[in-house]
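Asker: quick one: sequence plus predicted model below, questions after.
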Amino acid sequence: AQSVAQPEDQVNVAEGNPLTVKCTYSVSGNPYLFWYVQYPNRGLQFLLKYITGDNLVKGSYGFEAEFNKSQTSFHLKKPSALVSDSALYFCAVRVESGNTPLVFGKGTRLSVIA
Amino acid sequence: NAGVTQTPKFQVLKTGQSMTLQCAQDMNHNSMYWYRQDPGMGLRLIYYSASEGTTDKGEVPNGYNVSRLNKREFSLRLESAAPSQTSVYFCASSSNRQGIVTQYFGPGTRLTVL
């Protein structure tokens, strides 16, 4: 079975500082990994994904994530946080083979303080 | 392209009432999904349709039914609403093409069952 863990319910960071939102996963087989962002009263927006290839994936709004197979992690990062980055972030996983739906983590609320 | 659209945006029901949530996508995607979002629970899959004519149960299917009306439309029905079904419901769609696996989400339906 596939699963995703986001160990932090809340992350607080000062504007201009680097941010990290953590994600670990468990799948049988090769994973496809995703990050989504949700702003208040909105649907989920796709940020970035890892399918194969380079372990460092760059996405929208200056975000990037690093796939680490040995640690089964896919942490989301940004070098310099903005107040507008404050939102709810979801990590998701599915196996490479077949056509299975994404399995989501419980989400991490990011607050960037001016 | 409107992407994924959902109707209604908001709904209040009394216990025992029935209703259908509508979802449509204009991206020619094969797969469609219904999730519910509850605080601290992340997104949980209710039902999905891998392709037109097929539907499968997800993690929390009890109390719901679905219909894949055609390739564009995937509806979710609550036959006898219960307060435990108070939630935000999201529809999503994705392509089945090799390597194209990103799910795109609608804006959500906020349902309250009294």
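Answerer: Perfect, I can see it now.
Asker: residues contacting B:K9?
Answerer: Neighbour list for B:K9: B:107-110 [criterion: CB atoms under 8 Å, 6 or more residues apart in numbering or on different chains]. From N, CA and C alone the C-beta is placed, and that goes for glycine too.
Asker: for it, give its distance to B:L21.
Answerer: 11 Å (CB to CB, to the nearest Å).
Asker: what touches both of the two?
Answerer: Shared contacts of B:K9 and B:L21 (CB under 8 Å, 6+ apart): B:T109.
Asker: so where does the most centrally placed residue in chain A fall, helix or strand?
Answerer: Nearest residue to the geometric centre of chain A (CA atoms, centre = their mean): A:W35, 3.6 Å. Per DSSP states H and E, A:W35 falls inside strand A:31-38.
Asker: who does that strand touch, helix- and strand-wise?
Answerer: Applying 3 or more CB pairs under 8 Å, 6 or more residues apart in numbering or on different chains; DSSP states H and E, one finds that strand A:31-38 makes contact with strand A:44-50, strand A:64-68, strand A:73-78, strand A:87-95.
Asker: the helices in chain B, which residues?
Answerer: Remark: no helices are assigned in chain B by DSSP state H.
Asker: which bits of it sit near chain A?
Answerer: By CB under 8 Å from any CB of the partner chain, the residues of chain B that approach chain A are B:4, B:31, B:33, B:35, B:40-45, B:48, B:50, B:58, B:90, B:92, B:96, B:99, B:101-108.
Asker: how about the closest residue to A:I113 other than its chain neighbours, phi and psi?
Answerer: Leaving aside its chain neighbours, A:I113 sits nearest to A:A14 (5.5 Å; criterion: CB to CB, 6 or more residues apart in numbering or on different chains). In terms of degrees, to the nearest 10, the main-chain angles of A:A14 are phi -80, psi 140.
Asker: for B:Y47, see how far away A:S86 is.
Answerer: Using CB to CB, A:S86 is found at 32 Å from B:Y47.
Asker: same check on B:T102?
Answerer: B:T102 is 20 Å from B:Y47, by CB to CB.
Asker: swap in B:A24?
Answerer: Per CB to CB, B:A24 is found 16 Å from B:Y47.
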